[in-house]
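>>> Generate a structure from the sequence data that follows.
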Amino acid sequence: MNRVDEQWVLRADEQRALDERAVSCGIARDALMESAGTNAADWIERRRHPRRPVIVAGPGGNGGDALVVARRLLDAGADVRAFCLVPIERCSEATRRMADRYAAVGGTIRPTVDPSLGDALDRADCVVDGLFGSGLSRPLGGEAMQVVERINACGAQVISLDLPSGVASDRGDAIGPAIRAEITLAMAFLKPAHLLYPAAGQCGNTAMIDVAYPETILRDAAPWARVCERSGIAHRLPPRRPDGHKGTFGRVLVVAGSIGMTGAAILCCRAAARAGAGLVHLAIPASLDPILEAALPETITIPIPDAAGRVEHLDDERLRDALSRADVVAVGPGLSRADETMEAVADLLDRFSGPIVLDADGLGALEGHPERLDRLAERAILTPHPGEFAALVGGTPSEIDAERRDRAATFAAEHRVVLVLKGRPTAIGLPDGTAFLNPTGHDGLATGGSGDVLTGLIAGFAAAGAVLADAALTATYVHGLAAELFARGRSPRALLPTDLLDLLPRTLWEVERCG
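Predicted coordinates for the structure are as follows:
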């Protein structure tokens, strides 16, 4: 996988270190600034064609980028009005040089305290926010806060460079007043705040801007997290042989469902089939079998003797045969957490030595039993939401949510499993400690049954030949993308899990054509 197929997420200190490395390799700070500002201006000119842009610069590197944008838009014929938060002589050396270059082509820079700022904002068709970038770590106050409030109230489209001013690069929570951008142009790398909420909401839509970093300085870099591009997901999809058959594309065994929760089993099995699995078996309490047989004509059901509509043991002869043939077992959706059921799941985990996807109630078999988790090393994908994860590791769901990237990466590395920590964004931790943040999806996925679809997708991709990490990354991306396709012309709040299933053929086609 290369950087064409994924984006890196860097913390502020990682970004600074990379800049210093570039300078030590002979890349002038001015060259980096010119590259960032020129490419940002090209993006703005091509896509927004501003005629009356207002550029608001700060004293640091972000302000220098903004002044390069001002110069380039002025060269393109726009009626540019540029303002700086502090006197130019108090700006960084590189930013002062960008100010001199802007003045050399006829540009004028006024202070933000100048009364003309109000008139400029009133007539602006675009405001470029370059007050503060990834270096900000404290709340805005004084003149900076007032400028942010005036920009937010002006009504023009706001484009922020790297980050909306007032947003802290490494945090998802709000630290104070901040620009509400319609578009944020991330400079070469994403930052945690582009993906973590509520800060990500301040960013609007985020687009990537190239900066002239030499590839040599990236070879040994280890980003805080990674984000798959669609092309990268296409390359992770399990291949399909033209002469393949149902055995070629893998067998999934789903252990799911209990009285009142047959829908979870249905959603999981259908998703596994939609992911391309050749055969899907479902172990289900025998009393519920007629319901499942009617609902799932494409699934082979295995009725298990039950008590009160839930599984009490998993040692049926047909089930043993299905286990011996299964490429992947998915356990948990709607299964119930009765003591007998949890013991049956624990026994199943011991008897099956292949890849396992554990979700929902299936995770309950691990609570208080670290030895069971240890036996899943190198062969399991766990898919908890923050509440389920807190039950496994301690703490509260809100604490887990606030540290989702770090918690997912640490747990996955410690136990050598793939950990899919659901939420926005979903964080995927891999056994080697690598962390991914999923870029797709929206709040419509926050509905019962959505996670059952995700579990089925993961199991289906794994059975069809994807390694566990790829199965988790691909399924999470496709799951979110299906939700986004639903929301084109429709309200996300109306999304149902069955809508995801109906959209999977279109979603997978969208991904495959990027490969």
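>>> residues of stretch 199-210 that come out buried?
199-200, 202-204, 206, 208-209 (16 or more other CB atoms under 10 Å). Where C-beta positions appear, they are placed from N, C-alpha and C, glycine not excepted.
>>> Can you list the neighbours in contact with it?
7, 35-36, 39-40, 43, 158, 160, 163-164, 166-168, 171-174, 178-188, 190, 193-194, 425 (CB atoms under 8 Å, 6 or more residues apart in numbering).
>>> how much space between the residue nearest to S92 when sequence neighbours are not counted and R16?
In this structure, S92 finds its nearest non-sequential neighbour in G60, 5.5 Å apart by CB to CB, 6 or more residues apart in numbering. Noted for G60: a distance of 11 Å to R16, by CB to CB, to the nearest Å.
>>> circling back to that earlier point, in strands only, show me the contacts of stretch 199-210.
Using DSSP state E, the members of these that fall within strands are 7, 158, 160, 183-187.
>>> Pick out whichever of those residues sits closest to M342.
Nearest to M342, judged by CB to CB, of the ones in strands among the contacts of stretch 199-210 is Q7 at 40.0 Å.
>>> Tell me how many other residues crowd D350.
10 (other CB atoms under 10 Å).
>>> Check the one 5 residues further on too.
Using other CB under 10 Å, P355 is surrounded by 23 other residues.
>>> can you pull the contacts of it?
If you count contacts by CB under 8 Å, 6+ apart, P355 has them with 327-329, 379-381, 462, 468.
>>> let's see 6 Å
Residues counted as contacts of P355 (CB atoms under 6 Å, 6 or more residues apart in numbering) are 328, 379, 462.
>>> Return the distance of it relative to V331.
Distance from P355 to V331, by CB to CB: 11 Å.
>>> now L67
For L67, the distance to V331 - CB to CB - is 58 Å.
>>> same question, L85
From L85 to V331 the distance is 57 Å (CB to CB).
>>> Name the residue in those two with the higher neighbour count.
Neighbours per residue (other CB under 10 Å) separate L85 from V331, with V331 holding more: 28 against 23.
>>> doesn't V255 make contact with that one?
Yes: between V331 and V255 a contact is recorded at 4.5 Å, counting by CB atoms under 6 Å.
>>> Below-threshold pLDDT in the chain: ranges please.
Within the chain, the segments meeting pLDDT under 70 span 1-4.
>>> Show me which strand runs longest in it.
For the chain, the longest strand by residue count, based on DSSP E, is strand 279-285.
>>> How about residues contacting the helix or strand in which R72 is found?
Assessed by DSSP states H and E, R72 sits inside helix 61-75. Residues lying outside helix 61-75 but in contact with it, judged by CB under 6 Å, 6+ apart, are 33-34, 36-38, 40-41, 53, 55, 57, 80, 82, 94-95, 98-99, 102, 105, 107, 128, 130, 132-133, 161.
>>> What's the PyMOL line that selects buried ones from the residues you listed?
A single PyMOL command selects the buried members of the contacts of helix 61-75 (16+ other CB under 10 Å):
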select buried, resi 33+34+36+37+38+40+41+53+55+57+80+82+94+95+98+99+102+107+128+130+132+133+161
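>>> thinking again about what came up before, so G60 and R16 - more neighbours on which side?
G60 (21 against 14).
>>> Is it correct that L481 is in contact with T440?
Yes: L481 is within contact range of T440, at 4.7 Å (criterion: CB under 6 Å).
>>> any idea how the protein splits into domains?
6-223, 233-512 (automatic domain parsing).
>>> Can you give me the neighbour number for K246?
As a burial measure, K246 scores 10 neighbours (other CB under 10 Å).
>>> Now the residue nearest the centre of the chain. Its backbone dihedrals?
Nearest residue to the geometric centre of the chain (CA atoms, centre = their mean): N438, 2.1 Å. In terms of degrees, to the nearest 10, the main-chain angles of N438 are phi -80, psi 130.
>>> picking up where we left off before, of the ones in strands among the contacts of stretch 199-210, closest to A277?
Of these, the one sitting nearest to A277 (CB to CB) turns out to be Q7, at 29.7 Å.
>>> who's in contact with that closest one?
190, 227.
>>> Specify the beta-bridge partners of it.
For Q7, the beta-bridge assignment (DSSP bridges) gives partners V227.
>>> what about it, distance to L437?
From Q7 to L437 the distance is 10 Å (CB to CB).
>>> ditto for A70
33 Å.
>>> Which one of the two is surrounded by more residues?
The neighbour comparison of A70 against L437 (other CB under 10 Å) goes to A70, with 32 against 25.
>>> The helix or strand where D321 lies: what's the following helix or strand?
Using DSSP H and E, D321 falls within helix 317-325. Moving toward the C-terminus from helix 317-325, the next helix or strand (DSSP H and E) is strand 328-331.
>>> And the next helix or strand past that next one?
Using DSSP H and E, the helix or strand that follows strand 328-331 in sequence is helix 339-351.
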